[in-house]
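**Student:** Fold the stuff below for me.
(chains A and B)
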2 protein chains.
Amino acid sequence: MAAQNKKAKGSNAERDLIHSFFAKGWVAIRSAGSGSQQNPSPDILAGNNLRRLAIECKAVCDTKKYFTKKEVDELVYFANKFGAEAWVAVRFDRIDWFFLNIEDLELKDKSYFVDVIIAKRKGLSFEQLIGQ
Amino acid sequence: MAAQNKKAKGSNAERDLIHSFFAKGWVAIRSAGSGSQQNPSPDILAGNNLRRLAIECKAVCDTKKYFTKKEVDELVYFANKFGAEAWVAVRFDRIDWFFLNIEDLELKDKSYFVDVIIAKRKGLSFEQLIGQ
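**Tutor:** You can find the predicted model right below:
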């Protein structure tokens, strides 16, 4: 898939997630160009009076995904400053989002790794994430 | 000024503000296309362990600015859900940002109004906003 299409696919998937939060009475914000910023921010921040979530999102065509240590460290740093929980969201092709804690990712050669098997075993669905 | 230039000017001004937050040890996120979203979010969310700020930003070429009641209501709603303080930031041409509480805006014909005089009298500078 061309880079431009891939990017659009990622943005659309994130927009869907934003809608899902609002539909459940949460509020959420999608970051402007989080990947390219000098000052890193998670892709999505969501809140509902009680909880705040900082979420790094990846919609992938593959059955596995790596997150760099830098990405994960920046997510945790941001989340801590914000009083938010740090989450990684992965959407494999034609499968719904899975939400994982950092501890549920596998550390392999300085990268964090998740595949469909790990995601299905340890990941939460959107409804589980928001506690429904 | 053409609409496109105006938009770019606003985005650049917001990016400057994001940099300022990070330079002071805060983290901040800029919303992707907040103005055009179905699900409204503030232009900037910033946090520093202790405080969270939801900020609606306007960089204007004029000496006055109106915020619609809807804009302000949505800002307050979002901020409350997020446990954040609601702020309005206005940057008049060639003058620094002023940060105002909603109560400091003047309600005129169902719109909230601020001009340079009100901003200078009631607004905080960036350093004052972050408590320095």
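**Student:** Are stretch A:24-40 and chain B in contact anywhere?
**Tutor:** Yes: residues of stretch A:24-40 contacting chain B under Cβ under 8 Å from any Cβ of the partner chain: A:26-34, A:37-39. In short, each C-beta sits where N, CA and C put it, glycine included.
**Student:** Give me the contact list for the top helix by length along chain A.
**Tutor:** Using DSSP state H to define each element, chain A has its longest helix at helix A:3-23. Contacts with helix A:3-23, where a contact means Cβ atoms under 8 Å, 6 or more residues apart in numbering or on different chains, come from A:1, A:27-30, A:43-44, A:46, A:55, A:57-59, A:61, A:89, A:91, A:97, A:126, A:130, B:32, B:37-39.
**Student:** C-terminal to that helix, what's the next element?
**Tutor:** Elements were assigned by DSSP states H and E; along the chain past helix A:3-23, the next helix or strand is strand A:27-30.
**Student:** related to what we said a few turns ago, give me the ChimeraX select line for the contacts of helix A:3-23, limited to the buried ones.
**Tutor:** Here is the ChimeraX selection string for the buried members of the contacts of helix A:3-23, based on 16 or more other Cβ atoms under 10 Å in any protein chain shown:
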select /A:27,28,29,30,43,44,46,55,57,58,59,89,91,97,126,130 /B:32,37,39
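**Student:** Restricted to helices, list the contacts of helix A:3-23.
**Tutor:** Those of the contacts of helix A:3-23 mapping onto helices are A:Phe126, per DSSP H.
**Student:** quick one, phi psi at A:Leu75?
**Tutor:** Dihedral angles phi and psi of A:Leu75 (degrees, to the nearest 10) take the values phi -60, psi -50.
**Student:** State the distance from it to A:Glu85.
**Tutor:** Using Cβ to Cβ, to the nearest Å, one obtains 11 Å as the distance from A:Leu75 to A:Glu85.
**Student:** Compare these two (neighbour count), which wins?
**Tutor:** Neighbour count, other Cβ atoms under 10 Å in any protein chain shown: between A:Leu75 and A:Glu85, A:Leu75 has more, with 23 against 17.
**Student:** Now the two most distant members of the residues of stretch A:24-40 next to chain B.
**Tutor:** A:Trp26 and A:Gln38 (28.6 Å; Cβ to Cβ).
**Student:** returning to that earlier point: just the ones of the contacts of helix A:3-23 in strands?
**Tutor:** Among these, DSSP state E puts A:27-30, A:44, A:46, A:55, A:57-59, A:89, A:91, A:97 in strands.
**Student:** Please list the residues of chain A that sit near chain B.
**Tutor:** By Cβ under 8 Å from any Cβ, the part of chain A that sits against chain B consists of A:11, A:18-19, A:21-22, A:26-34, A:37-39, A:41-42, A:45, A:47-49, A:52, A:77-78, A:80-83.
**Student:** Check those for burial and list the buried ones.
**Tutor:** Among those, those classed as buried by 16+ other Cβ under 10 Å are A:11, A:18, A:21-22, A:26-32, A:34, A:37, A:39, A:41-42, A:45, A:47-48, A:52, A:78, A:81-83.
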